[in-house]
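Trainee: I would like to see how this sequence folds:
(chains A and B)
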Amino acid sequence: MLAADGTPLKESLGRALRRQKIRALALVAPLLLFVLLTFVIPIVSMLVRSVENQIVSDTLPGTVAALSSWDRQEGATPSEDVFQNLFFDMFNAAEAKEHTKLGTRLNYENTGLASLFRTSGRSMDDIGEVFQDAIEDADARFEDGAFWHEMMSGEGGDALVADRRARWENLTGEPMSGDIGYVPSQDIIVLLPETAAAYTDFAIWTAIEDNDVVAEEDPWEAVYAALAVDLRDPSRAAAIAEYSGAGADALQALTATEMPTLTFTDAFAEMDEDWLTPGVWQTVDVYSSNYTSGYFLNSVDRELTVDGVEARPENERLYIKLFGRTLWMSLIITSSCILLGYPVAWLLANLPVRTANVLMILVLLPFWTSLLVRTSAWKVLLQQQGVINELLVWLGFVDDANRLILMNNSTGTIIAMTHILLPFMILPLYSVMKTVPPTYLRAAKSLGATNWTAFWRVYFPQSVPGIGAGSILVFILAIGYYITPEIVGGTDGVFISNRIAYHISRSLNWGLAAALGTILLVLVLALYWVYDQIVGIDNVKLGG
Amino acid sequence: MSKVQTALPRPDLFRFTMPLMAALAAMFGFVGGNMVAQPWLGAVIGAVIGCAIAWVAETNLEKRTAVRWGVIAVLALAGLIFGNLGTAVSGALIGAVLGWAAYWLVRSDYRAAVPIYYTPGQTLWHNTFKFICGLIFFFLVAPLIPVMWLSFNAEDFFTFTPEMLNFQAEGYSLKHYRNFLGTDEWMVPLKNSLIIAPIATIISVSLGTLAAIGLSQSHVPGRRAIMAILISPMIVPLIISATGMFFFYAPLGNWLEANLGLSQSFVGFVKVILAHAVLGIPFVIITVTATLVGFDRSLTRAAASMGADPVRTFFQVQMPLILPGVISGGLFAFITSFDEVVVVLFVGSAQQQTLPWQMFTGLREQISPTILAAATILVIISILLLTTVELLRRRSERLRGLSPA
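Mentor: All right, here's what the predicted structure looks like:
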């Protein structure tokens, strides 16, 4: 069969259908893109943040690598190598002022680490100075930044610069691109690997963050410490003796003098005894991987320890209780909404249209009124000096000294939220009840059913879809509520959302906030799926 | 109405009306007596007054209006003698209730709405049910009344002063309204709200309408999935949206500031507007899709057959018909943004402080009843919006021929 233009009909129809599909998609595409960009990606970024944990390996890259050979179960103090790496990592982190962030992060898992990292960060210079003084005493040329620059510069060290640059970028989270006016010499890298690395770190930071010329600046204390570390290796002495590059004689002079024997383990132990406790290192090691389930475990009152997942101490358990309370209170709110909404919806559905429309305004007015207005109304009504208490005192039912406590507890939250969410129950109930023919009820009664039987056996089953739709809607809205519990809920009327907001704006434990949010999101999406099965999202109606 | 009434037997005065009236009035008397720590004496006096009113109503069946006003006047006067203007108003209110109840009982009005064959028990249940519904409606609307009333408070309290309850002029003032309209503390947030909400609305309405038209085509691949994504901003709890946006928009804003050289304040507004626009989109999609369901597709074909191109068809045929849906979707989007506080708290900075944000801080710290003046103004705005949406909905139903009227 052919179409008018001679092409086979099937092909012609197929083309028309394809064109129609493309046109429909083209109309939807801008919005879809907009929603994906401004909404879906932010939500996904929250999901990622709930497991993300690069901060330990970004801040202490060398230490984490050194710790990999350490047996965390055994619980011994780590080797000198670990402490040496810790020194150089901490020195850089302290320069970039990132060590406090790591301390704050690890403090969520092991209380006390925040102050340990904060105070230790300040003392890094002191450790380095021990070596600096000794080296400068041995040869005064090491006091000069230009001498250092000359000694370290050369050719072939680009790979090292790129490597250290990447470390800085991980540490600060900022691009560290740009010319640093320095390339380490390959010979020096082989001869003095630690020194080359430390000096390159110094050069990158000086040139890019401080905008200074590397050759004009005196190196950090860490560079001297690195030089001392390199010199400790007995095999180096021979290599240095044969070395002929810039500053070779100064280095050879150093090998001849006595260097401080201070070990980094001792240095850290002197700063704070806690560095020797295995607990600190177990925490660092357990949370050194880039992705962690730690935040989720925290959300369910568990923690990750050396022995695997364990329950948190009794006094730190909070979230399971809070989730339970959120669900329980949402359930109470939903039930009160059914209780209050059902009669009203029944009345509206069975009254003449004109009267029902007038009464409908009484339902829609609170629906359209600002949430904050309604919440402030309940604050005015419920507080101790509020309208309800004043009225009861005036009427003599309540003693002035024993006013009812209606607010700043769960009672306040339940009353206010029932009021706020009631229209969301009435509207779906009403639209379902509108479709139930009133003749069924009359037929049941004419067949001899009592009022109750007629209602319970005939009318009620037909209104169940309305109850289901309204309940899920109210429940979904209730478990995510923030504003109303925050204002009228006090301490024991708050929901999990208040805790999320607290972690975002006060405690700054964003990972935990993201994990709590993810759990809540999964809960809501599951309910949403049920809602979709019962009602269908296409059938969501607004305002009757 | 009157025909039904004549058919109804009137209840017995002494066995029905008088005991019920006595009980009702005794309840009021109990409450009133409780104020002076004499609840039972009050109840007895109330019962006597109730009996008296029932007898007067029974004997003056045709003079309903006069008797009811009389009861109101007597009880108001009693209130004035024993108390002040406040108790007088309470007395008048109680008088109105008692007067109405007396005639409702003696004239058998309580049976007017139920079938003639109903038993007394069924009639009682019917009226109790109506009373319960009345209480629920009261619960829905009443909380807004004290807010509006207190916004005229002359004091800086969140509670009623004795002067207010006694209806003395010095208890009332417009100072909170003056404070609202006259200080930067409230005017700047209002201005910000009026910048953010309309722009966000325009974005969500224009994109949303296009998408809704696309979705209403007969063949859309993956319609359910697309719909689920587009509706999701409404389903995902605000606190989660706000958390996600907080994580994503902060670096985005920093990037915009650093790379495009935009000012911090401008970027802040862009972030809040984008966030609010996406929150408003589900409402536009839902209302416009609902309007398009009733749209007669043959109209566009007719337009096309008469030579109109798709753009012309859209603006001259389709748009006027779906306009009510578009406008009410826009109003929903507007109120969503205008009323939104969680996302703006997380995404915005102090420069983008909106009216709800200012109210929220005020409520948390309880600074001034100016919040109540702001609330009253918002209630008036919402009444206006509700009226507009209702009128549009009815117009749309009429256009689609769905309304019976």
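
Trainee: For A:Ala93, grab the count of nearby residues.
Mentor: 24 (other CB atoms under 10 Å in any protein chain shown). Where you see a C-beta, it was placed from the backbone N, CA and C, and this is true even at glycine.

Trainee: gap between it and A:Thr453?
Mentor: Here the criterion is CB to CB, to the nearest Å. By it, A:Ala93 lies 76 Å from A:Thr453.

Trainee: same deal with B:Met234?
Mentor: According to CB to CB, B:Met234 stands 40 Å off from A:Thr453.

Trainee: And the residue of the stretch 51-200 of chain A closest to chain B?
Mentor: For the stretch 51-200 of chain A and chain B, the shortest gap (CB to the nearest CB) falls at A:Gly173, measuring 9.3 Å.

Trainee: ok, now the stretch 351-500 of chain A?
Mentor: Using CB to the nearest CB, the closest approach of the stretch 351-500 of chain A to chain B is made by A:Gly480 at 2.1 Å.

Trainee: which residue packs closest to that residue, ignoring adjacent ones?
Mentor: Among residues not flanking A:Gly480 along the chain, B:Pro237 sits closest, at 2.1 Å (CB to CB, 6 or more residues apart in numbering or on different chains).

Trainee: if I read this right, the one you found contacts A:Ile496, doesn't it?
Mentor: No - counting by CB atoms under 8 Å, B:Pro237 does not reach A:Ile496; the two are 9.7 Å apart.

Trainee: picking up where we left off before, and the residue nearest to A:Gly480, what does it touch?
Mentor: Applying CB atoms under 8 Å, 6 or more residues apart in numbering or on different chains to B:Pro237 gives the contacts A:476-477, A:479-482, A:497, A:520-521, A:524.

Trainee: now swap in B:Ala73 and tell me
Mentor: Counting by CB under 8 Å, 6+ apart, B:Ala73 touches B:92, B:95.

Trainee: Please state the offset of the helix or strand hosting it from the chain centre?
Mentor: Using DSSP states H and E, B:Ala73 maps to helix B:64-82. Taking CA atoms, centre = their mean, to the nearest Å, one finds the center of helix B:64-82 at 33 Å from the center of the full chain.

Trainee: what about the helix or strand where A:Asp163 lies, distance to the chain center?
Mentor: Using DSSP H and E, A:Asp163 falls within helix A:158-172. Computed by CA atoms, centre = their mean, the chain-centroid distance of helix A:158-172 equals 27 Å.

Trainee: How about stretch B:21-32 and chain A, touching?
Mentor: Yes - under the criterion of CB under 8 Å from any CB of the partner chain, chain A is reached by stretch B:21-32 at B:Val31.

Trainee: Give me the mean pLDDT for that stretch.
Mentor: Here stretch B:21-32 scores 90 as its mean pLDDT.

Trainee: Get me the contact residues on the stretch 51-200 of chain B for chain A.
Mentor: Counting by CB under 8 Å from any CB, the stretch 51-200 of chain B comes close to chain A at B:122, B:125, B:129-130, B:132-133, B:136-137, B:139-141, B:143-144, B:146-147, B:150, B:157-160.

Trainee: if you set the cut-off to 10 Å instead, what comes out?
Mentor: Listed as neighbours of chain A in the stretch 51-200 of chain B under the rule CB under 10 Å from any CB of the partner chain: B:86, B:90, B:118-119, B:121-122, B:125-126, B:129-130, B:132-150, B:157-160, B:162, B:165.
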